[in-house]
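> below: sequence and its predicted model.
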There are 2 protein chains.
Amino acid sequence: MSAVSEHTIEDLDRLFRPRSVAVIGASATPTKIGGLPIAFLLAQGFEGPIFPINPKASEVQGLKAYTRIGEVAGQVDLAIVAVPAALVDQAVDDAIAADVKGIVLFSSGFAEISEEGRLAQDALMARARAAGVRILGPNCLGFMNLSEKVFATFSPVVGQGVTPKGRIGLISQSGAYGAYAFTLARQRGLGLSYWITTGNEGNVDFADCLSWLARDPDTDVILGYMEGCRDGRKLEAALAAARAAGKPVVMTKVGRTDIGAQAAASHTAALAGEDAVFDAVFRQYGVYRAYSIEEFFDVGYAFSVAGIPGGENLGVFTVSGGAGVLMADAAADEGLALPELNQQAQDRIRELVPFAAPRNPVDITGQITNDIGLFETSLDIMLEQGDYHLVAAFLAAAGQGPMGEHIAEQIGRVRDRYPDRVFCAVSVFKEPVRALLERNRCLAFEDPTRAIRALSALAWFARQRQKPAVPVDSRGASVTLRTGSYSEADSFQLLADFGVPVPESHLVADGVEAQARVAQDSRAWVAKIASPDILHKSDIGGVRLNLRGAEAVGQASDEVLAAARRACPEARIDGVLLSPMEEQGVECIVGVQRDPAFGPVVMLGLGGVLVEVLKDVSFRSAPLNRDMAMDMINELRGRAILDGVRGQPPADIGALAGLLVKVSHFAVAAGDSLESLDINPVRVRAEGRGVVALDALVIGR
Amino acid sequence: MSAVSEHTIEDLDRLFRPRSVAVIGASATPTKIGGLPIAFLLAQGFEGPIFPINPKASEVQGLKAYTRIGEVAGQVDLAIVAVPAALVDQAVDDAIAADVKGIVLFSSGFAEISEEGRLAQDALMARARAAGVRILGPNCLGFMNLSEKVFATFSPVVGQGVTPKGRIGLISQSGAYGAYAFTLARQRGLGLSYWITTGNEGNVDFADCLSWLARDPDTDVILGYMEGCRDGRKLEAALAAARAAGKPVVMTKVGRTDIGAQAAASHTAALAGEDAVFDAVFRQYGVYRAYSIEEFFDVGYAFSVAGIPGGENLGVFTVSGGAGVLMADAAADEGLALPELNQQAQDRIRELVPFAAPRNPVDITGQITNDIGLFETSLDIMLEQGDYHLVAAFLAAAGQGPMGEHIAEQIGRVRDRYPDRVFCAVSVFKEPVRALLERNRCLAFEDPTRAIRALSALAWFARQRQKPAVPVDSRGASVTLRTGSYSEADSFQLLADFGVPVPESHLVADGVEAQARVAQDSRAWVAKIASPDILHKSDIGGVRLNLRGAEAVGQASDEVLAAARRACPEARIDGVLLSPMEEQGVECIVGVQRDPAFGPVVMLGLGGVLVEVLKDVSFRSAPLNRDMAMDMINELRGRAILDGVRGQPPADIGALAGLLVKVSHFAVAAGDSLESLDINPVRVRAEGRGVVALDALVIGR
């Protein structure tokens, strides 16, 4: 059982929405760690009581101070602990005794520095858990609740000003990164509801915060910065909760590349899962993954200002042909649709400006400088006649001058007429223009490419949330595997029990038995050595293909046995497996790998060079439903091969999806007893003719 | 002969560096097209005489006005023409008569609107060319020379302020885009030397401006925005000039994607070349291609502030582990090397901060807030012990406060000790800090990913300029092809004359002759139908492989002839081509396609699904040298296949490069008489065993 089951999500209410705050280790100096939160709470106007705890002072920053937290008369919801590591045990025990429900533990010197520190942290957390107290930290920068002005942090960035109160909740596993992100958000004027750093995650972890924000009425959009995750299933449950609440999640996860992951391992106490698995889980739950902090905020901004569009059709309005093309290029890169305006609408645009390019992008040219009203008129034509869910308008430098305000007003009016569309203006803005646009729920971007990327993220999310919910866990049959490799025949049997199509096969002891078995059968046959100890059968001459006639099958069987005995004298040999030759098709690789954080993860790749050279594979965390399996197939770069190239017929994609789902059910049923499964190859026959696993290897843990 | 040969590059001096300016169509209203340049020249302090030309005024904006340009007593270097299209002929003729050498023609209503306009434009340009006068435009926003304060533009953006004088020259084919870019440059404080828009390019085109800036002593870095190009060879010569001058060129070329190119075709009068060809030419001449305006300026900024590094090793300093990993991820994406710090240096970092992660990224942790001097000390250790050409320092929010100035001073001192390194600070900056950093030639970025991308661009350019110069044109044999398809045998002969290895082959009339020809030969043979009219021989049963023995060869030859006569009764048939079976290897596709702007372009792809499904191909404009051929090979995503996968030996890459070079020589020799060449497949044998063209089809124009 994981820690979450001992707490309820409601426990976090008193941590993140406290009505009273004590600071243990309170300092009279407002620039010290124990002084900063008091200074922030006072300066920002927290409305509840603040209780400084300091054995040597009777007053701290103008507030009455207490020797110990036990002396405070009223209820203390939240205790901030800002004492050196050596004093933390006492402070936490005092807080527990004083019946606090939430603790923010700034102190460092625990799991992040040594094994000894980890043990001390574990012991501390065990006491807190037993008492039902939630702890954020240790080794964290704390959190801010911007709507209720709870500044439970010692990050000096707050002293330089805070972001507006808004509807974006930000969670960061790193304090320094969180502080930097907060500064950027402030600079961009992004409104936050919560800012939370999780540090060592001794008790409250990233997934807890995510689940809580998914329920929080003040939060519409969740931005997360992750370095690793210990309990993948818990993270999945949190992502499912955010998805169910309709709240977009934008995630930056570092350690994507090998070199990045090496760097991560050298500094983080968390166990990093395989990045490809994170990526698969993010896709699975409709999480938008951002690859830079710029994208992180661009997309978060777009979600918070514009909301979710009804589809993926983009209309581009421009006053510069070149910028229109640039945006069309970017839209094509992002997979957005740019449907052409109908002829009637094109004619109307040409009536306004004879030299306009009216298709989409609608290039109204520099004529806009002579008649600013062309903007509103053109937008109206585009929206009346074209089915555009998203509209991007490139206005060159017009956002600077007095024209900017006219334009913002025009957009406001068009938005009132088309309230369900997403609008984005691209220009160089002076501040009042930007604010006016955003008040009209129109995005304001200075870079055309970034604007298109953000619109594409909104469209992507719109598509994701139309998908049926993801199965978080499966019920059903359970299988317990023994340790070690299973033979091909046994592997086939395990898969066949879950409905995975496997070849007709006959296990025979030798050539004589082989000859007898196929005597009445005119098909072509394959003979393979059957041994749990021989994994790469082809390499040792243990596979013979295309055998016709009983005599040939018998002779090949004997040769395969001899080759195996020669190459692997120690191997246990069960005999020879005979199967009919398979018909033509596309070869795929399907596998399952046990991930330490997320459990069984299903992999799909196309056979041959695509998987070997280009690493063209896709992943999902098991179990899968049919939509997820189709997503896996569609994510392959070589996807078109399944549609039939070089005169081949289209492959049976539906059957491949079915196989993936069944394999995932097997993986979930085998659970922690499964180390890995390889089906290599899966032959995908022509459409309507199904799939078959041509080789299989199950390994138990 | 192209237009360039009739002018010299020096002619542009009087256009872009005039000592006197006349404005034909001068207006007393400083917001009108004919008034704006005068207002700008006056406000910005142009030092030479300004001559307003206006038949109805004796004074314009406080300057003495002239009825016609012929009345001006002194020399007029530059005439700005700001009259309606109908009056342009007269204005240009007057200017020619007055012996001006350069004209900026704002007026629109020419090639961009109709065929009639194009004819008028052509006639006008012919007169100017005959008179030796260079014209920028028509339909352009003009240019600015920021060091000599020549504001020959009517773009209102100048009225809102100008960029600092600097060393970046910016050329834009689009006026609106140029104005927008100018505003962004001003907002970012980027220093420009020239800003030039080329409009319809009736006379002075993008390549002219590029060549001129390549020689201009005030310009170090050239930023270009392109939509299309009519004379590819001229562009190549200009890029070669910039390369020879050691000036980095950063280019945005729109119309990359099909949908983008469609949009481009709908608005631009220029003929857009295939985008893949542009891309190849840019690579060929070491041009950095930017995919967004943000990248365009980021890279331009980096070149102008930091210069070119000596190599590609990146050292990352960070105060946040997570940001360090993010930057390591980005560096891995960009292909930068992150060599680990040596043990001694790691030990010294750990002495400073016991919990630091000292490998690279060097994560000094939040300790920096307790001891700001750690920054300089760590950088010194990194640069003394590690061979880092580039150093990126992530400083979280420290660029904001007073710490920011300390940090800038520390970087200044380290830079003095290591003047040949490139430094980049990443933080959220207050303005004095940014200026201080840039004065110390340290880049200042707010986004870690953008910082790494810019550093990577510098490293990329450093690598490009070490390559030997590109052959702009080849001398040598010339071949004139006839129109239409050549037979396989004739195609082989054409290629063989240029040293391309082709199979041993024997043309025979029928099975009897075939049998006689191979009677004494024990090798396996291939028989193929020989006909100039049958392009896809396999499809009609016109190819038979692996024939052993004279009888089999003879029979197959007859069968191939029969199949061809059956399938293509109209085809001319030369007989049957016999070749020995080729040994194993990797199959490639090599082709040449004639591009309307750039002439013959060589293509390379890997055979099979990689080229068909993934479009994994690379291009270069002919002729190639060996380095360029190696670049083509290395650009293939499936490059690893040539190194040997699935137990195959490495392929003879050197021989493949040689074949590409020879094919390019053939293409140049055939010149405009070559429509296309396909060699499909080229068999690349194991290393040391060469290559051979297994099939070839030459088509003459």
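Perfect, I can see it now.
> burial measure for the closest residue to A:Val158 other than its chain neighbours, as a count.
Nearest non-adjacent residue to A:Val158, counting by C-beta to C-beta, 6 or more residues apart in numbering or on different chains: A:Phe40, 5.0 Å away. C-betas here are computed from N, CA, C, even on glycine. By other C-beta atoms under 10 Å in any protein chain shown, 24 other residues sit near A:Phe40.
> which ones are touching A:Phe40?
A:151, A:153, A:158-159 (C-beta atoms under 8 Å, 6 or more residues apart in numbering or on different chains).
> got phi/psi on it?
phi -70, psi -50 (degrees, to the nearest 10).
> pLDDT, neighbour count and secondary structure added to the contacts of A:Phe40, as CSV?
Shown next, in CSV, are the contacts of A:Phe40 (pLDDT from 0 to 100; neighbours: other C-beta atoms under 10 Å in any protein chain shown; DSSP: H, G, I helix; E, B strand; the rest coil):
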residue, pLDDT, neighbour count, secondary structure
A:Phe151, 98, 27, strand
A:Thr153, 98, 26, strand
A:Val158, 94, 23, helix
A:Gly159, 91, 14, helix
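> closest one of those residues to chain B?
A:Gly159 (8.8 Å; C-beta to the nearest C-beta).
> quick one: that closest one and A:Arg463, what's the gap?
From A:Gly159 over to A:Arg463 the distance is 42 Å, taken as C-beta to C-beta, to the nearest Å.
> chain B contacts on the stretch 51-200 of chain A?
Within the stretch 51-200 of chain A, the positions near chain B by C-beta under 8 Å from any C-beta of the partner chain are A:112-113, A:156-157, A:160, A:172-177, A:179-180, A:182-184, A:187.
> at 6 Å instead, please
Within the stretch 51-200 of chain A, the positions adjacent to chain B are A:113, A:157, A:160, A:174, A:176-177, A:179-180, A:183-184 by C-beta under 6 Å from any C-beta of the partner chain.
> over to the stretch 401-550 of chain A?
Within reach of chain B by C-beta under 6 Å from any C-beta, the stretch 401-550 of chain A has these residues: A:428, A:447, A:449.
> tell me the SS of A:Arg544?
What DSSP: H, G, I helix; E, B strand; the rest coil gives for A:Arg544 is strand.
> who are the contact partners of it?
A:527, A:556, A:560 (C-beta atoms under 6 Å, 6 or more residues apart in numbering or on different chains).
> now, which of the residues you listed lie within strands?
The strands, defined by DSSP state E, take in A:Ala527 from the contacts of A:Arg544.
> by neighbour count, which of the contacts of A:Arg544 wins?
Highest neighbour count within those, by other C-beta under 10 Å: A:Ala527, with 28 neighbours.
> can you pull the contacts of that residue?
Per C-beta under 6 Å, 6+ apart, neighbours of A:Ala527: A:544, A:556-557, A:560, A:576, A:578.
> try 7 Å
The contact partners of A:Ala527, by C-beta atoms under 7 Å, 6 or more residues apart in numbering or on different chains, come to A:514, A:544, A:547, A:553, A:556-557, A:560, A:576, A:578.
> ok, what's across the strand from it?
Taking DSSP bridges, one obtains A:Arg544, A:Leu578 as the residues bridged to A:Ala527.
> distance of it from A:Leu12?
Taking C-beta to C-beta, one finds A:Ala527 at 62 Å from A:Leu12.
> which residue ranges of the stretch 501-650 of chain A form helices?
Along the stretch 501-650 of chain A, counting by DSSP state H, counting those that start in this stretch, helices occupy A:511-517, A:550-567, A:609-612, A:626-635.
> of all the ones you listed, which one comes closest to B:Arg215?
B:Arg215 lies closest, by C-beta to C-beta, to one member of the helices of the stretch 501-650 of chain A: helix A:609-612, at 48.0 Å.
> so what touches that closest one?
A:589, A:605, A:616-617, A:638, B:609-610, B:638, B:641, B:645-646.
> show me the contact partners of the helix or strand harbouring A:Val281.
Per DSSP states H and E, A:Val281 falls inside helix A:275-284. With contact meaning C-beta under 7 Å, 6+ apart, helix A:275-284 is reached by A:236, A:251, A:253, A:255-256, A:261, A:289, A:470, A:595, A:598, A:601, A:619-621, A:628, A:631.
> switch the cut-off to 6 Å
Here helix A:275-284 makes contact (C-beta under 6 Å, 6+ apart) with A:251, A:253, A:255-256, A:289, A:470, A:595, A:598, A:601, A:619-621.
> one more: stretch A:458-469?
Around stretch A:458-469, the neighbours that count as contacts under C-beta under 6 Å, 6+ apart are A:248, A:286, A:302, A:308-309, A:312, A:422, A:627.
> list buried members of those residues by neighbour count.
A:248, A:286, A:302, A:308-309, A:312, A:422 (16 or more other C-beta atoms under 10 Å in any protein chain shown).
> tabulate these (TSV), appending secondary structure.
Formatted as TSV, the buried ones among the contacts of stretch A:458-469 follow (three-state DSSP):
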residue	secondary structure
A:Pro248	coil
A:Gly286	coil
A:Ala302	helix
A:Ile308	coil
A:Pro309	coil
A:Glu312	coil
A:Val422	strand
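> from those residues, pick the one nearest chain B.
Closest to chain B, out of all of the buried ones among the contacts of stretch A:458-469 and judged by C-beta to the nearest C-beta, is A:Glu312, at 13.8 Å.
> wait, that closest one touches A:Ala337, no?
Yes. Applying C-beta atoms under 6 Å, one finds A:Glu312 in contact with A:Ala337, separated by 5.5 Å.
> with that, I have no additional questions.
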